[in-house]
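Enquirer: Kindly generate the corresponding structure for this input.
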Amino acid sequence: MNLKKLYLLAVVVFCSQFVNAQEGLPIYTDYLTDNYYLIHPSMAGAANCAKLRVTGRQQWFGQEDAPQLATISVNSRIGDTPSAIGAIVYSDKNGYHSQNGVYLTYAHHLMFSRNEIDLNQLSFGLSVGMIQYKLDETAFLNEPFDPLIYGIEQSSTNFNIDLGFSYNLYNFYAHATVKNLLNNDGINNDIEITSNLRRYLFSAGYGFGKFGSDWSYEPSILFQYKDGTKEASFDLNFKTYKKMEFGQIWGGLSYRRSLDGAEYIDGSSINSQKLQYISPILGINYNNFMFAYTYAYQANSVVFNNAGFHQITLGLNFNCRKEKYHCNCPAVN
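Expert: Below is the predicted model:
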């Protein structure tokens, strides 16, 4: 194998660590577009309004079979009760691999404050999902014979469970979630590492702003750990909000860094690098409608493509309660 092939192999291996083909719903930065329910089931119905969110993400424009993701999520309280329900439908494609999934969620919220305006809420959530994995091998028929390639479209349907909790206290919030509790064989049941898709998530943040000011700010963090591959990464986020007569405009910046690296050959030497994403976000709330755009740039020396990652989110808030919480807490207000 020559150096050029080794270099290409290193790029593919490095990118494949973070472009998931069989790991359930991928975790990008779409949760920052007022969509924490997408990664934390305990956030179903936690907000002042019911929420509908539609996202579309396209990676590496101009590349054939580049990864793309589409999600639809909705969550709401059940009347005036402390219980809530939610649902997520998604389609994730990555080259010859694809997966389609449906999650149904039940959440329960315990309010510890003496009224409905002061926010002191502990929430629990459980999601049950059905995921269909697919691998299209029909394009491999003209390749040299390989006993592991059947030349057909393989598919397998598995079930999985996510559970977690959230705590919102005025301007502060924290979430902890375990995703993919069950092992999934998928279509790679001969590979042990793909059966354990368990992922641990922890996120926290705080909203602040001067009393009476139209401006508010929200720093936050997200840490995630993959049990099967022992990989870890973190997000550092900062968002700014400005109240307007028609609603609100907001923007932010997210920095994601992996704690694990990948080696690659540069000339005659072997170097290593760790995944880094820089993602600016811009959004607008017009009455009960929301629009957001996210661009993610991979800041590494060796990348598959420099085109970046584009994502659009559309949202609708409905069945809003009359009184909002008295806090700088955009995820629940």
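Enquirer: just so I have it, where are all the helices in this structure?
Expert: 3-16 (DSSP state H).
Enquirer: any low-confidence regions in it?
Expert: By pLDDT under 70, the low-scoring segments of the chain are 1-23, 60-65, 140-151, 186-194, 263-267, 300-307.
Enquirer: Kindly recompute the last result at 80.
Expert: Flagging of the chain using pLDDT under 80 yields the residue ranges 1-24, 59-66, 95-96, 116, 136-153, 185-194, 261-273, 299-308, 323.
Enquirer: Tell me where it has strands.
Expert: 50-59, 68-77, 83-94, 97-111, 120-136, 153-169, 172-179, 199-206, 215-226, 231-243, 247-266, 269-286, 289-298, 309-318 (DSSP state E).
Enquirer: partners of the second one, with directions?
Expert: So that's strand 68-77. Using DSSP bridges, the strands paired with strand 68-77 in its sheet are strand 50-59 (antiparallel), strand 83-94 (antiparallel).
Enquirer: returning to that earlier point: mean neighbour count added to the strands of the chain, as CSV?
Expert: Any C-beta I mention is one placed from the backbone N, CA and C, and that applies to glycine too. CSV is the format used below for those (neighbours: other Cβ atoms under 10 Å):
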stretch, mean neighbour count
strand 50-59, 20
strand 68-77, 20
strand 83-94, 19
strand 97-111, 19
strand 120-136, 19
strand 153-169, 18
strand 172-179, 21
strand 199-206, 18
strand 215-226, 18
strand 231-243, 17
strand 247-266, 17
strand 269-286, 16
strand 289-298, 18
strand 309-318, 18
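Enquirer: coming back round to it: turn the strands paired with strand 68-77 into TSV, columns for distance to residue 103.
Expert: Formatted as TSV, the strands paired with strand 68-77 follow (distance: least, Cβ to Cβ, whole Å):
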stretch	distance to residue 103
strand 50-59	13
strand 83-94	4
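Enquirer: right, and these - which one's nearest residue 272?
Expert: Closest to residue 272 of these is strand 50-59 (Cβ to Cβ; 23.1 Å).
Enquirer: can the strands of the chain go into CSV with extra columns for distance to residue 331?
Expert: Below are those laid out as CSV (distance: least, Cβ to Cβ, whole Å):
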stretch, distance to residue 331
strand 50-59, 10
strand 68-77, 12
strand 83-94, 14
strand 97-111, 13
strand 120-136, 11
strand 153-169, 8
strand 172-179, 7
strand 199-206, 8
strand 215-226, 9
strand 231-243, 10
strand 247-266, 12
strand 269-286, 13
strand 289-298, 12
strand 309-318, 12
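Enquirer: Of all those strands, which one comes closest to residue 27?
Expert: Counting by Cβ to Cβ, residue 27 lies closest to strand 215-226 out of these; the figure is 6.3 Å.
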